[in-house]
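A.B. asks: my questions are about this predicted structure, shown below with the sequence.
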Amino acid sequence: MGFILRLLVNALALYLLTRVYAGVAFGPGAGVGAVLIAALVMGIVNALIRPVLLLLSLPINVLTLGLFTLVVNGVVLYLVAAVTALNVAGFGAAIVGALILAVISWLLDALVGMLGLDGGRD
């Protein structure tokens, strides 16, 4: 999937998250640009910081059979909210928001794949 398409899917997923879950919202007056910037920051944090967090939390992750990954995803969403126009009600809201965001992203990825917009990647 191309970078632009991936960015747009992530932006749509973030926007839908703010519509579905009240614990995560964009600041007043935030437009399309703010959503795109938040999606771009989310991609950068997922690419650079999330692997380090997963490596550092590996013993806890093994003990909890992978459930601690939800907490790491919540930390990532909280970090994105700290540097963008995204507002998160608290750390618990970040964890729930990350879980909902994962489901929305998964559904949008499946939709893009069904429509053939991903360039035929497996």
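C.D. replies: Structure received.
A.B. asks: ranges for the helices of this protein?
C.D. replies: All helices of the chain, identified by DSSP state H, fall at 3-20, 32-48, 50-56, 58-63, 68-83, 91-115.
A.B. asks: ok, the closest residue to residue 101 other than its chain neighbours - contacts?
C.D. replies: Closest residue to residue 101 apart from its sequence neighbours, by CB to CB, 6 or more residues apart in numbering: residue 17 at 4.9 Å. C-beta coordinates here come from the backbone N, C-alpha and C atoms, glycine included. By CB atoms under 8 Å, 6 or more residues apart in numbering, the contact list for residue 17 reads 24, 97, 100, 101, 104.
A.B. asks: ok, now residue 97?
C.D. replies: Residue 97 neighbours (CB under 8 Å, 6+ apart): 17, 21, 23, 24, 74, 77, 88.
A.B. asks: compare those residues and tell me which is most surrounded.
C.D. replies: residue 77 (27 neighbours; other CB atoms under 10 Å).
A.B. asks: report pLDDT for that residue.
C.D. replies: The model reports residue 77 with a pLDDT of 96.
A.B. asks: now residue 42
C.D. replies: 96.
A.B. asks: burial count for it?
C.D. replies: Neighbours of residue 42 (other CB under 10 Å): 25.
A.B. asks: my read: it touches residue 76, true?
C.D. replies: Yes: counting by CB atoms under 8 Å, residue 42 touches residue 76, with 7.5 Å between them.
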